[in-house]
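Q: Fold the following and give me the result.
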Amino acid sequence: MNDIIKSIEAAQMKAEVPQFRVGDTVKVYGKIKEGNRERIQVFEGIVMKVQGGSVRATFTVRKNSNGVGVEKTWPLHSPSVEKVEVVRHGKVRRAKLNYLRGRVGKSAKVKELVK
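A: Numbering: from 1, shown residues only. The predicted model follows:
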C-alpha cells in the first residue's frame, strides 16, 4: 500500500523546483480562475517558513499591502503555482520568521545576503 502512494506522489511532483530559503524575497506566479478565464497573479513577499517534504511541501510568503500584513501559504508542487522567482536572498538565522508578524516599517525588513 505504501509503495502505491509513493508512486502516485512521485508522478505529481514537479521536475524542476526553484532553490529558495527562508528570508528570501520571492515572486510567486499563481494561477487564478475567474469564471471560465484563467490568469496569472504575482504575489511578492518574504518567505516566512518552508514546511514538509516531497509532494506535500509548502511555503508561506508574507507581504505588506496598504499597511496590512498578508500571508499566503502555497503548495510547492501545485499546478496552481506557475513559477517561483527569487528577487533577493535574505540573511536570517532562523527556520521560521514568526517575529516579523509583529513588526512594521523598516524593522520588518530582512538584511540582504551578500556573497
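
Q: Skipping adjacent residues, who's closest to R39 in space?
A: Nearest residue to R39 in three dimensions, chain neighbours excluded: I32, at 5.7 Å (C-beta to C-beta, 6 or more residues apart in numbering). Any C-beta I mention is one placed from the backbone N, CA and C, and that applies to glycine too.

Q: residues in contact with H89?
A: 21, 23-24, 112-113, 115 (C-beta atoms under 8 Å, 6 or more residues apart in numbering).

Q: Export those residues as CSV, with columns for distance to K91, pLDDT and secondary structure.
A: Formatted as CSV, these follow (distance: C-beta to C-beta, whole Å; pLDDT from 0 to 100; DSSP: H, G, I helix; E, B strand; the rest coil):
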residue, distance to K91, pLDDT, secondary structure
R21, 10, 94, coil
G23, 7, 94, coil
D24, 10, 95, coil
E112, 7, 90, strand
L113, 4, 87, coil
K115, 10, 75, coil
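
Q: List the buried residues in the helix-or-strand element of the chain with minimal mean pLDDT.
A: In the chain, no helix or strand scores lower on mean pLDDT, DSSP states H and E than helix 2-12, which sits at a mean of 84. The neighbour-count check on helix 2-12 (16 or more other C-beta atoms under 10 Å) flags nothing as buried.
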